[in-house]
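Chemist: Next input, structure requested:
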Amino acid sequence: MNARGKIAVLTFFFALCGTAAIVTAYFQTVADANVRPGDLYAIVDRQLGELRAGNFSGAYEYASQGIQQRFSLAQFTTMVQTDYAGLMRVGRADYGEMQRVGRHATIQVFLIGSDGEVIPCIYIMVREGDSWRIDGARMLPPWPPNTRSEGTML
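Modeler: Coordinates of the predicted model:
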């Protein structure tokens, strides 16, 4: 193949790669733009429901692939029971701010126990394919029972 043919093949290859990158970025942006905070809140609610019911395998299904690769179901169960026991006693969850950057999101979650204790928590979410999964949770020190957060009363 002569030099002109090689240049033509390389130009075609780079144009094809550039087009694929633009199309991929466009469709990812469109998919991310359609995500509503309630969609992510629902995932956290479902996992909390599974944990309250003692269904650790159901809760494990909402964990990201990264979590599932690092922890077997037995390890996940032990971790939740020892490090995140408060998640199993949650009466309800109230949601605060959500921030999303590309395929990652963080959500403020206020876990409220039946005794009124509030456990603030930061959930880390990751988009995997067409769905969002929980990639981690960081529980903060609990507030005293029946403490109200500041806000506007209607």
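
Chemist: C-alpha from now on. contacts and neighbour counts both.
Modeler: Fine.

Chemist: Which residue ranges of this protein form strands?
Modeler: Read by DSSP state E, the chain holds these strands, from start to end of the chain: 90-101, 104-113, 118-128, 131-139.

Chemist: got a pLDDT number for Leu87?
Modeler: pLDDT recorded at Leu87 is 82.

Chemist: burial count for it?
Modeler: Applying the criterion other C-alpha atoms under 10 Å, we find 22 residues in the vicinity of Leu87.

Chemist: of the strands of the chain, which approaches Ala59 most closely?
Modeler: Nearest of these to Ala59, taken as C-alpha to C-alpha: strand 131-139 at 9.9 Å.

Chemist: What is the closest one packed up against?
Modeler: The elements that strand 131-139 packs onto, with contact taken as 3 or more C-alpha pairs under 8 Å, 6 or more residues apart in numbering; DSSP states H and E, are helix 37-52, helix 65-70, strand 118-128.

Chemist: okay, the ones you listed, which one's buried deepest?
Modeler: Comparing the helices and strands packed on strand 131-139 on average neighbours per residue, with mean count of other C-alpha atoms under 10 Å, the densest one is strand 118-128 at a mean of 20.

Chemist: How much space separates Val44 from Ala63?
Modeler: Val44 sits at a distance of 10 Å from Ala63 (criterion: C-alpha to C-alpha, to the nearest Å).

Chemist: what bits of the protein have low per-residue confidence?
Modeler: The model of the chain has pLDDT under 70 over residues 6, 8-34, 145-154.

Chemist: Pop the domain breakdown of it in here.
Modeler: Structural domains annotated on the chain: 1-34, 36-154, as defined by automatic domain parsing.

Chemist: Give me whichever of those is most buried.
Modeler: Sort the domains of the chain by mean neighbour count, taking mean count of other C-alpha under 10 Å, and domain 36-154 sits at the top with a mean of 16.
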